[in-house]
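Visitor: Give me coordinates for this.
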Amino acid sequence: QVQLEESGGGLVQAGGSLRLSCAASGLTFTTFTSYSMGWFRQAPGKEREFVSTISTRGGITDYADSVKGRFTISREKNTVYLQMNSLTPEDTAVYYCAARSALGTSRLEARYGYWGQGTQVTVSS
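Guide: Predicted coordinates for the structure are as follows:
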């Protein structure tokens, strides 16, 4: 059973940076490399939306247009990171990490079978 735990959220001023982490447990590192990973977010009153995804071994990444050039996804060992720079109040949301046992990346929530509890990111103006 894959378990995901996000951390690194918090309150930051506009223009600042945060680094989110998502630690995966319940599987070995070798098994973890067979999972592609994604980050999603949900702002108050809005539906959850895709942010970024990374392939099983990190060779392929994809970003929502709203974060492209500002956010960077990466993975190391059993952890996936989301480096967020030049944050704006529009980035305020609960950020969720997700995993799917598949080679390719996906922007679709339904393709992910495992989810973390989320971490709050608040950007003040």
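Visitor: thinking Asn123 is in contact with Ala14, fair?
Guide: Not Asn; residue 123 is Val. Yes - using CB atoms under 8 Å, Val123 makes contact with Ala14 at a distance of 5.7 Å. From N, CA and C alone the C-beta is placed, and that goes for glycine too.
Visitor: joint contacts of these two?
Guide: Residues touching both Val123 and Ala14 by CB atoms under 8 Å, 6 or more residues apart in numbering: Leu87, Thr88, Pro89.
Visitor: From what I see, the second one and Gly16 are in contact.
Guide: When you say that, I think you mean Thr88. No - Thr88 sits out of contact with Gly16 when judged by CB under 8 Å, with a separation of 9.9 Å.
Visitor: any residues in contact with both of those two?
Guide: Applying CB under 8 Å, 6+ apart, one finds that Thr88 and Gly16 are jointly contacted by Val123.
Visitor: Val123 and Ala14: who's more crowded?
Guide: Comparing Val123 with Ala14 by other CB atoms under 10 Å, the one with more neighbours is Val123, at 20 against 13.
Visitor: So the more buried one belongs to a strand, correct?
Guide: Yes - per DSSP: H, G, I helix; E, B strand; the rest coil, Val123 lies within a strand segment.
Visitor: Gly116: how many residues sit nearby?
Guide: 21.
Visitor: any idea how far Glu5 is from it?
Guide: Look at Gly116 and Glu5: by CB to CB, to the nearest Å, they are 6 Å apart.
Visitor: try Thr88
Guide: 26 Å.
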